[in-house]
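Chemist: Need a 3D model of the sequence below.
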Amino acid sequence: MKKGIIGLLAFSIFSCGPSGNKPNVEIIQDMMEQPAIKAQKQDDFIENGISSRVPPENTQPVGKKPYAYAMDISKAMAELKNPLEGQMSSEVLFVGQKYFNTNCMVCHGQKALGDGPIKPSYPIPIPSLMSDKIRGWSDAQIFHVISAGQGLMGSYASHVPEKYRWQLVNYVRHLQQSQPELR
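Modeler: Numbers count the residues shown, from 1 in each chain. This is a model prediction of the structure:
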C-alpha cells in the first residue's frame with residue numbers, strides 16, 4: 001500500500017513539470033524580441049552612434065581596486081615597500097619570470113637589455129633594465145612603473161595582478177644580479 005502511495009505521489013510531482021514539447025509562454029514579448037546590435041557598429045539610437053558602451057566614469061570591475069599612487073610617484077616611493085624583498089625562492093622567481101615573459105619580454109628582451117622582438121618597429125629606444133639608472137631604482141619605483149606606466153609604456157596593472165607585481169620586481173632584480181656585466 002505504501003509503495004502505491006509513494007509511486008502515485010512521485011508520478012503526480014513529475015507529471016506536473018514542464019514538458020519538452022510545449023512552447024514557452026512569454027508575457028512581455030518586447031523583452032525577447034529586441035534588435036541585436038553588433039559590437040563596434042553604428043547605432044543611430046545612441047547619442048554618439050557608438051554601439052560599444054563606455055562604462056560610467058569612476059566605475060571599476062568587481063574585485064579590482066585602483067592603483068592608489070597612479071599620479072604620485074614620490075608618494076609611491078615613500079609608502080610602498082617590497083614585502084618579498086630579497087626573496088629569490090624558486091616559486092617567487094618562477095611567477096616573476098612567467099609575467100616577465102608574457103608582458104615584458106616583447107619589448108625588453110629575454111635578458112632585459114631592451115632588445116625584444118618589437119625593437120625594430122618601435123619609434124624610440126627601449127630602455128635596458130640592466131642599465132645603471134634602473135639598477136639604482138628602488139623596488140617601489142619599478143613596481144610603480146609596472147603599475148602606472150611611464151613614457152610610452154602603458155600601465156600593466158590590468159595584465160599583472162597586484163599580488164604578482166612584487167614577484168615580477170624580484171625577477172627583474174634577479175636578472176640584474178645574475179648579469180652584472182651587462183649594463
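
Chemist: ok, the residue lying closest to residue 156 once chain neighbours are set aside to residue 57 distance?
Modeler: Using CB to CB, 6 or more residues apart in numbering and skipping the chain neighbours, the partner closest in space to residue 156 is residue 146 (5.2 Å). For glycine as for every other residue, the C-beta is placed from the backbone atoms N, C-alpha and C. From residue 146 across to residue 57, the span is 25 Å (CB to CB, to the nearest Å).

Chemist: before we move on, what about residue 116?
Modeler: With CB to CB as the criterion, residue 116 and residue 57 are 35 Å apart.

Chemist: what do you get for residue 50?
Modeler: From residue 50 to residue 57 the distance is 16 Å (CB to CB).

Chemist: One more: residue 124?
Modeler: 32 Å.

Chemist: which one of residue 116 and residue 57 has more residues nearby?
Modeler: A count of neighbours by other CB atoms under 10 Å puts residue 116 above the other of residue 116 and residue 57, at 18 against 5.

Chemist: Got phi/psi on residue 50?
Modeler: phi -90, psi 120 (degrees, to the nearest 10).

Chemist: neighbours of the residue lying closest to it once chain neighbours are set aside, just the number please.
Modeler: Of all residues not flanking residue 50 in the chain, residue 43 sits nearest, at 7.1 Å (CB to CB, 6+ apart). Using other CB under 10 Å, residue 43 has 16 other residues around it.

Chemist: If I follow the layout properly, residue 43 ends up in contact with residue 49?
Modeler: Yes: at 6.0 Å, residue 43 counts as touching residue 49 under the criterion of CB atoms under 8 Å.

Chemist: longest helix of this protein?
Modeler: helix 162-178 (DSSP state H).

Chemist: Run the chain-centre distance for it.
Modeler: 18 Å (CA atoms, centre = their mean, to the nearest Å).

Chemist: Give me the buried stretch members for that helix, please.
Modeler: Neighbour counts using 16 or more other CB atoms under 10 Å place 164-176 of helix 162-178 among the buried residues.

Chemist: try stretch 101-114
Modeler: Result for stretch 101-114 [16+ other CB under 10 Å]: buried residues 104-105, 107-109, 111-114.

Chemist: Go ahead and produce CSV holding the CA coordinates of it.
Modeler: The C-alpha coordinates for stretch 101-114 follow below in CSV (Å, rounded to 0.1, in the frame of the first residue of the first chain):
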residue,chain,number,x,y,z
ASN,A,101,58.0,36.5,-20.4
THR,A,102,54.3,37.2,-21.0
ASN,A,103,54.3,41.0,-20.7
CYS,A,104,57.8,42.5,-20.6
MET,A,105,60.0,40.3,-22.9
VAL,A,106,58.4,41.5,-26.1
CYS,A,107,60.0,45.0,-25.5
HIS,A,108,62.8,44.5,-23.1
GLY,A,109,64.0,41.1,-24.4
GLN,A,110,64.9,37.8,-22.7
LYS,A,111,67.8,39.3,-20.8
ALA,A,112,66.1,42.7,-20.2
LEU,A,113,68.5,44.6,-22.5
GLY,A,114,65.8,46.5,-24.4
